[in-house]
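>>> Let me see the structure of the following:
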Amino acid sequence: MVVSDLGIEVIDGHAHFITYNTVKEWFSDPEVLERARQRVSFQTDMQEFSLPDEPWDTGEMWIKELDKYGISAIGMMIGPESWDEFLAARKKYPSRFIGYANVNPAQEDAVETVKRAGKDGLQGIKLYPSAWDFHVYDDRVYPIYEEALRQKLLVVLHFGITIGSQANLRYGNPLDIQKPAQDFPDLNFMIAHFGAGFFREVLMLFYQTHNVVVDSSGSNMWMTYLPYDLTITKIFEKAMKAGGSCRIVFGTDSSFFPRGFRHNILEEQFNAVKSLCPQLCYTDEDVDLIFRGNILRLTGFKP
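As a prediction, this is how the structure comes out:
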């Protein structure tokens with residue numbers, strides 16, 4: 001068992017496998033790079049944005065990060081551009097990488113991508129309705145759910161706001177997943193980032209569904225854009241009261257280098273959860289569910 005520097009076993013349920021070539025391609029345009037640098041200063045918890053000086057082996061870099069901080073395994077969102085490199089890394093380190101394939105329902109091969117994810121031994125798929133302009137209850141998405149159920153894959157969804165201004169919030173309400181969750185009672189759905197601004201709706205879904213969970217990933221800067229004050233401790237408190245510790249999955253939303261693993265997210269969220277344990281009668285078992293056990297149950301992953 002790998003033990004983190006916080007004294008518990010940790011599996012990061014939400015991160016991104018972004019290769020060197022992808023980063024270079026994204027920011028090859030100086031104007032795009034400058035906009036990214038401006039955005040991170042007020043829309044994220046990053047102090048600055050910088051590009052790497054030399055190529056890296058993404059898998060090896062992540063293993064060094066996981067070993068540095070004592071992280072047992074990490075769940076990675078992967079796109080077509082990083083698929084092969086991710087599979088190579090997972091083949092070398094099979095107990096350290098959980099994989100979720102990005103699936104856009106607008107693509108003709110969307111269902112085939114889900115099939116490939118199952119065939120290649122991934123643990124889930126990722127849908128991004130607010131960025132890809134679709135309602136998760138659309139007819140065209142149902143074949144994706146059907147195949148995910150056949151392949152026994154977790155369905156991760158990013159609703160709400162996202163970095164930059166490109167998200168279309170007409171498609172960003174987590175309540176949209178209620179009908180699919182009821183239509184597929186044996187399929188598990190995980191809403192990223194506590195709903196990314198739609199936290200109230202996530203709490204309601206805890207009551208109306210049994211197969212919807214949330215992940216805690218990222219800085220949760222969406223709190224800035226709500227008309228009332230929240231803290232990460234209060235978010236965990238409300239989520240644990242509404243859904244229980246069995247419906248929260250820890251994640252950092254770590255993504256690229258040179259930033260690497262976002263240990264500050266782990267430390268902040270661990271301290272928040274631990275502070276609730278004595279006053280709300282939560283135990284070390286609840287802590288273990290959030291930081292390790294739930295993602296193993298949802299994905300069937302064996303580290």
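>>> Distance from stretch 210-221 to the middle of the chain?
How far stretch 210-221 lies from its chain's middle: 7 Å, per Cα atoms, centre = their mean, to the nearest Å.
>>> mind checking the end-to-end distance for it?
27 Å (Cα to Cα, to the nearest Å).
>>> Okay, buried residues for that stretch please.
211, 212, 213, 214, 215, 216, 217, 218, 219, 220, 221 (16 or more other Cβ atoms under 10 Å). (Glycine included, C-beta is placed from N, CA and C.)
>>> likewise stretch 166-174?
Buried, per 16+ other Cβ under 10 Å, within stretch 166-174: 167, 171, 172, 173, 174.
>>> which one is the third one nearest to, not counting chain neighbours?
Using Cβ to Cβ, 6 or more residues apart in numbering and skipping residues adjacent in sequence, the residue nearest residue 172 is residue 130, 3.7 Å away.
>>> now for the one helix or strand the one you found maps to, which elements pack on it?
Using DSSP states H and E, the element containing residue 130 is helix 129-132. Contact partners of helix 129-132 among helices and strands, from 3 or more Cβ pairs under 8 Å, 6 or more residues apart in numbering; DSSP states H and E: none.
>>> Just give me how far it sits from the chain centre.
Between the centre of helix 129-132 and the centre of its host chain there is 15 Å, according to Cα atoms, centre = their mean.
>>> Give me the mean pLDDT for it.
On average, the pLDDT along helix 129-132 is 94.
>>> picking up where we left off before, can you redo the buried residues of stretch 166-174 as JSON lines with secondary structure and pLDDT?
Output for the buried residues of stretch 166-174, formatted as JSON lines (DSSP: H, G, I helix; E, B strand; the rest coil; pLDDT from 0 to 100):
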{"residue": "167", "secondary structure": "coil", "pLDDT": "85"}
{"residue": "171", "secondary structure": "helix", "pLDDT": "97"}
{"residue": "172", "secondary structure": "coil", "pLDDT": "96"}
{"residue": "173", "secondary structure": "coil", "pLDDT": "98"}
{"residue": "174", "secondary structure": "helix", "pLDDT": "98"}
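>>> Pull the most distant pair out of those.
Largest separation among these by Cβ to Cβ: 167 and 174, giving 13.4 Å.
>>> residue ranges of the strands in the chain, please?
11-16, 73-78, 97-102, 124-127, 154-157, 189-191, 212-215, 248-249 (DSSP state E).
>>> what about the residue nearest to residue 83 when sequence neighbours are not counted, how many residues close to it?
Of all residues beyond its chain neighbours, the one nearest residue 83 is residue 101 (7.5 Å), with distances taken as Cβ to Cβ, 6+ apart. By other Cβ atoms under 10 Å, 25 other residues sit near residue 101.
>>> The one 3 residues further on now?
Residue 104 is surrounded by 17 other residues when neighbours are defined as other Cβ under 10 Å.
>>> That one against residue 110, yeah?
Yes - Residue 104 is in contact with residue 110 according to Cβ atoms under 8 Å; the separation is 6.3 Å.
>>> Residue 111 versus the residue nearest to residue 83, what's the distance?
12 Å (Cβ to Cβ, to the nearest Å).
>>> now swap in residue 226 and tell me
Taken as Cβ to Cβ, the span from residue 226 to residue 111 is 37 Å.
>>> which regions of the stretch 51-200 of the chain sit below the pLDDT cut-off?
51-53, 164 (pLDDT under 70).
>>> what about 80?
Along the stretch 51-200 of the chain, the parts satisfying pLDDT under 80 run over 51-55, 163-166.
>>> and if you look at the stretch 201-303 of the chain?
Regions of the stretch 201-303 of the chain meeting the criterion pLDDT under 80 cover residues 256-258, 279-281.
>>> circling back: thought the residue nearest to residue 83 was touching residue 117?
Yes - under the criterion of Cβ under 8 Å, residue 101 makes contact with residue 117 at 4.0 Å.
>>> Which neighbours do those two have in common?
Counting by Cβ atoms under 8 Å, 6 or more residues apart in numbering, the contacts common to residue 101 and residue 117 are 124, 125.
>>> Just to check, residue 58 is in contact with residue 81?
No - checked against Cβ under 8 Å, the pair residue 58 and residue 81 is beyond contact range at 11.3 Å.
>>> neighbour-wise, which of these two wins?
More crowded of residue 58 and residue 81, by other Cβ under 10 Å: residue 58, with 23 against 13.
>>> distance of that one from residue 259?
For residue 58 relative to residue 259 (Cβ to Cβ), the value is 13 Å.
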